[in-house]
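K.L.:
What follows is a predicted protein model with its sequence.
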Amino acid sequence: GATGDHVYTFCYTAESEDFGAEDAAKLDTWVFDHVKSFFDSARRNQTLFSTLNEEKVILFLHLLGIDTNGHAHRPSSREYKENIKIIDEGVKEIASMIDDFYGSDGKTAFILTSDHGMTDWGSHGAGHPSETLTPLIVWGAGVNYPQKVTSQFFEDNFLREWKLENLKRLDINQADIAPLMASLIGVPFPLNSVGTLPLEYLNNSAHFKAESMFTNAVQILEQFKVKMDQKKKTTLSFLFTPFKPLSDSEQINFLKKTRLYIQQQKYDEAVTLCKTLINLALEGLSYYHTYDRLFLGLSIAISFVGWTTYVILVIIKTHTNLTKAVQTSNKESTVIFYSFACVGMIIAFFLLIQTCPWTYYIYCLLPVPVWYAVFREFSVIQDLAANLLSHHIGQAIGFLLLCALGIEILVFSFFYRSVLTIGLLVFAGWPVITQLWVQAKTTALTWTLLCVLLAIFPLMPVVGRAPNIPLVIATGLLTLFISSFLLASLYKSKNKYGNNEDLKVYFYQMLSIALSTYVVSSTHDSLENKQGLPTLNQIISWLTLVSSSMLPLLSSTFLFQRLFSILLSVMSTYLLLSTGYEALFPLVLSGLMFAWINMEQVALQHYGLSLKPKIAGFNFAYATDITQFRQLHLDDIRRSVFFVFFIVTAFFGTGNIASVNSFDPTSVYCFLTVFSPFMMAGLLLLKVAIPFIPVSCAFEAVQVTTQLSPKSLFLIVLVISDIMALHFFFLVKDYGSWLDIGTSISHYVLVMLLTIFMMLMNGLAQLLTTQRLELLRRTKHHST
């Protein structure tokens, strides 16, 4: 990113950053060695010597080895502590060498800091002090000497641990380092800097400090003025509300007063006034930056409510028997159309005279066509109201309130994983509450036990914090044991639902799971012994990843057999990406999905919607032939809530491993150890996506076995996700830690993309369940 002819860079290759390397500290010794050789060559190169002896030269050393060792081995490891010693010694040598090069002229300032801290489990990005507190050590030219104190109070224990209680600690914001550096070398403050110059770090006259602070205040005030002018230009004068604490007269008053204090040599008063002005200017910047937030937020909220209402009306009109087919008269349609057209023109004119950005037109005009579509269905609303009032309105309202409670639980689960546990325990009691257990005791008991088992996962710590490779290996062996048992039962019934060719596919998949288990164990041992990632293991891992997506397509399309094959494929890849208890998650989740499919059949019979026989002989290949879909029943809303809940559980069940804070490179060590952000992020996203596959395939099975139109269920899911999205829209933050801001945005984006994601997962589920490759088959085998 360096531009112009005044910035020169030199760095090692990306492949050097290897999490599985013998010693990542060599990245830091590489930097120190090259800096030394650079200064040695400067003594022999007159041009370079002259350049280094100019004023305002900045040398930037990036020490990445300590970060790599922290991620790979954790901050409490021997490797990390050894790396600290190497850096300590390296900094000492470099500082001494620079002093020698410049003849100890006392014109060099040194700043040692870090961009972030690290948790005990080797990650960063959240708001914990171990991540947000970073060291700042400044010494050399223009820097104050340490100040002795008798007592000082801080919430942490760093001073006591480092035996520095008697020296004054000066905490600053990270943004304040930019103006500090600018002041030390005598260049203007960066144009868009929002940092405040930390005067206590400077060893200079009171007059210099006051003048510097005044310049800092003017620089931030200019940003405020530019932002205010921009907002004035795009707002009608009678509607513009200025930031009152910093009106034009107040700005002039602040600047005059400060200048007068400096002239009167009242430097402390001048500095205090400058700090007040800086704080007000920063508040004003935030005020103008979020000036239109309420206006735009309301427009978006109105669009959301209108869109959700329209989708509900479409569901009621086309997929239920609650309304009669009544068309709105042409005269009424014309009146509605012209009314909304006028509203749209007024909004567009209002935005045009304010010269608003084009995005404002989208936000503000979107509610017009949406609500026009709603009002066109006004007859449906009237018919629905009349229908509900004449029937069991109490039962319908009670059911809808339960669904609303379910949606609120889903929203809360994004913030508190333990809410998923509560939801799963409620699900466990579903057969008892609805008396379904009477019809199928074994199925109901299996459902309850698996719900309780899955409810344990959200209570566990977030993935990556406590690696447990023996548990991953045990999960692999458990999967093989369960598979062997199921394979034996399949073998007994092969004449009915399959043949020997199908059993071969399952055998290959079990072999793949055995290989995955071996690779996880072998790779872990190799990395523990500092021998890197074995090439054979890497090849097996990538081959498993590719083959696992193909093998289910070779298996039988009978419901149970195909879902069993998908589970084996999912597990073989997921084991390679697991570091602890999460390896068990897809296994338990898939078991619950099998139970869910069976429970839905019981529910259908319970409500008298179907008298179909058992689903063991159901074939996915012929599911697409179903042309006669039944109408929606109230219980279908419950099915959709279940599906969305399982999707959220699949994502948050083992912790949101997509977040920055939970990034743990150890998950991908079977595939690669050299730092490659896009490849690692891709594999981690795959790990996040894998649990969705059994849920989507189960929902596909529920859909076709209950004779429901995919469109109707998709629309119900759309309504649920839109209601959740409206919640998250108002919870989006633009302040706090990376994790606070990033999580609030990602929650909103996730729910907004939920419907698109579900469409993709539905397509993938259809492909995985209905399609079949005939590679291993000599003759076509038909079974009905």
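P.N.:
Right, received. Where do you want to start?

K.L.:
three-state assignment of W139?
P.N.:
When classified by DSSP: H, G, I helix; E, B strand; the rest coil, W139 comes out as strand.

K.L.:
Contact partners for it?
P.N.:
When contacts are counted by C-beta atoms under 8 Å, 6 or more residues apart in numbering, W139 touches A109, F110. To be clear about C-beta, it is placed using only N, CA and C from the backbone, and glycine gets the same treatment.

K.L.:
mind checking pLDDT for it?
P.N.:
As predicted, W139 sits at a pLDDT of 94.

K.L.:
Just the strands from this protein, written as ranges.
P.N.:
Under the criterion DSSP state E, the chain contains strands at 109-113, 136-140.

K.L.:
can you put these in CSV and add distance to T755?
P.N.:
Shown next, in CSV, are those (distance: least, C-beta to C-beta, whole Å):
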stretch, distance to T755
strand 109-113, 44
strand 136-140, 47
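
K.L.:
Relative to S709, which of the ones you listed is closest?
P.N.:
When the strands of the chain are ranked by proximity to S709, the top entry is strand 109-113, at 60.0 Å, counting by C-beta to C-beta.

K.L.:
Which strands and helices lie in contact with that closest one?
P.N.:
strand 136-140, helix 177-185 (3 or more C-beta pairs under 8 Å, 6 or more residues apart in numbering; DSSP states H and E).

K.L.:
starting at the chain centroid, how far to the first one?
P.N.:
Averaging C-alpha coordinates over strand 136-140 and over its chain gives two centres that are 36 Å apart (C-alpha atoms, centre = their mean, to the nearest Å).

K.L.:
For that strand, buried residues please.
P.N.:
In terms of neighbour count (16 or more other C-beta atoms under 10 Å), strand 136-140 has its buried residues at L136, V138, G140.

K.L.:
want to try TSV for the helices and strands packed on strand 109-113, with distance to P470 as columns?
P.N.:
As requested, those are exported to TSV (distance: least, C-beta to C-beta, whole Å):
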stretch	distance to P470
strand 136-140	42
helix 177-185	45
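
K.L.:
Of all the strands of the chain, which one comes closest to V702?
P.N.:
Ranking these by proximity to V702 (C-beta to C-beta) places strand 109-113 first, at 55.3 Å.

K.L.:
closest one to I58 among the helices and strands packed on strand 109-113?
P.N.:
helix 177-185 (6.9 Å).

K.L.:
what sits up against that closest one?
P.N.:
Helix 177-185 has contacts (C-beta under 8 Å, 6+ apart) with 55-56, 58, 109, 111, 113, 136, 138, 141-143, 172, 188-190, 193, 195-198, 201-202, 212, 216.

K.L.:
Filter those down to just the buried residues.
P.N.:
109, 111, 136, 138, 142-143, 189, 193, 195-198, 201-202, 212, 216.

K.L.:
any idea how far V149 is from S590?
P.N.:
When C-beta to C-beta, to the nearest Å is the yardstick, V149 and S590 sit 61 Å from each other.

K.L.:
Who has more neighbours out of the two?
P.N.:
Per other C-beta atoms under 10 Å, whichever of V149 and S590 has more neighbours is S590, with 24 against 11.
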